[in-house]
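In: Sequence first, predicted model second:
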Amino acid sequence: MSRVGKNPISIPEGVNVNISAQEIIAKGKNGELSMKVPAHVSAKVEGNVVVVAPADNSKKARSLWGTYRSIVSNLVQGVSEGFTVKLEVNGVGYRCQVQGEILVMQLGFSHEVRFPIPKGITIKCDKPTLISIHGADKQAVGQVASNIRKYRLPEPYKGKGIKYENEQILRKEGKKK
């Protein structure tokens with residue numbers, strides 16, 4: 001029995017959830033998100049909560065139950081509040097800024113790195129060394145953050161590179177004389 005799947009998902013004010021033929025559509029102030037649910041899992045709206053349950057007692061249904069409950073919960077949270085990931089840029093001369101629909105980063109290369117901002121994602125640079133990525137789709141926000149981080153991974157000797165805000169970089173000792 002899934003401990004995660006048993007919990008109902010409460011629908012906040014201003015969010016509308018419709019379920020029709022194994023498709024869940026959530027609408028809110030941050031837009032509209034939809035997803036298909038496999039036949040092994042069923043979802044119902046009961047009052048102001050969404051209940052996800054296995055369609056039968058098979059092992060596949062029980063294994064997908066908690067996973068799809070979490071995904072539906074992320075849909076509801078995404079259209080109501082959204083998700084934010086913050087990245088820190090560390091290094092001498094490393095900085096970033098948003099120019100229109102492009103994130104421009106100086107990361108120690110001979111050229112500046114230009115990253116086009118995808119639709120549904122907003123990127124802000126509050127400081128030249130802090131990137132804030134916000135959007136309704138949790139998977140898309142995480143993927144954009146990962147793609148930006150890949151341009152300059154944090155190195156273990158000086159800690160230079162792009163890292164998540166709460167990430168701890170395991171530091172190594174430098175060469176001894």
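Out: Looks like it arrived, so ask away.

In: Need the phi and psi values for residue 50.
Out: Note on residue 50: backbone dihedrals following degrees, to the nearest 10 are phi -110, psi 130.

In: ok, now residue 45?
Out: According to degrees, to the nearest 10, residue 45 has phi -100, psi 120.

In: What count of nearby residues applies to it?
Out: Using other Cβ atoms under 10 Å, residue 45 is surrounded by 15 other residues. The C-beta positions use only the backbone N, C-alpha and C, and glycine is treated the same way.

In: the strands in this structure, which residues?
Out: Applying DSSP state E to the chain gives strands spanning 9-10, 16-20, 23-28, 31-36, 41-46, 49-54, 83-90, 95-99, 102-106, 113-116, 121-127, 130-135, 161-164.

In: what sits up against the third one?
Out: Strand 23-28 is contacted by residues 14-19, 32-37, 43, 50, 72, 75-76, 78-80, 136 when judged by Cβ atoms under 8 Å, 6 or more residues apart in numbering.

In: switch the cut-off to 7 Å
Out: 14-18, 32-37, 43, 72, 75-76, 79-80 (Cβ atoms under 7 Å, 6 or more residues apart in numbering).

In: Could you count how many residues lie near the closest residue to residue 12 other than its chain neighbours?
Out: Spatial nearest neighbour of residue 12, chain neighbours left out: residue 80 (4.8 Å); criterion: Cβ to Cβ, 6 or more residues apart in numbering. Number of residues near residue 80 (other Cβ under 10 Å) recorded here: 17.

In: returning to what we had before: if any of the contacts of strand 23-28 are buried, put those into a ChimeraX selection.
Out: Here is the ChimeraX selection string for the buried members of the contacts of strand 23-28, based on 16 or more other Cβ atoms under 10 Å:
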select :15,17,33,37,43,72,75,76,79,80
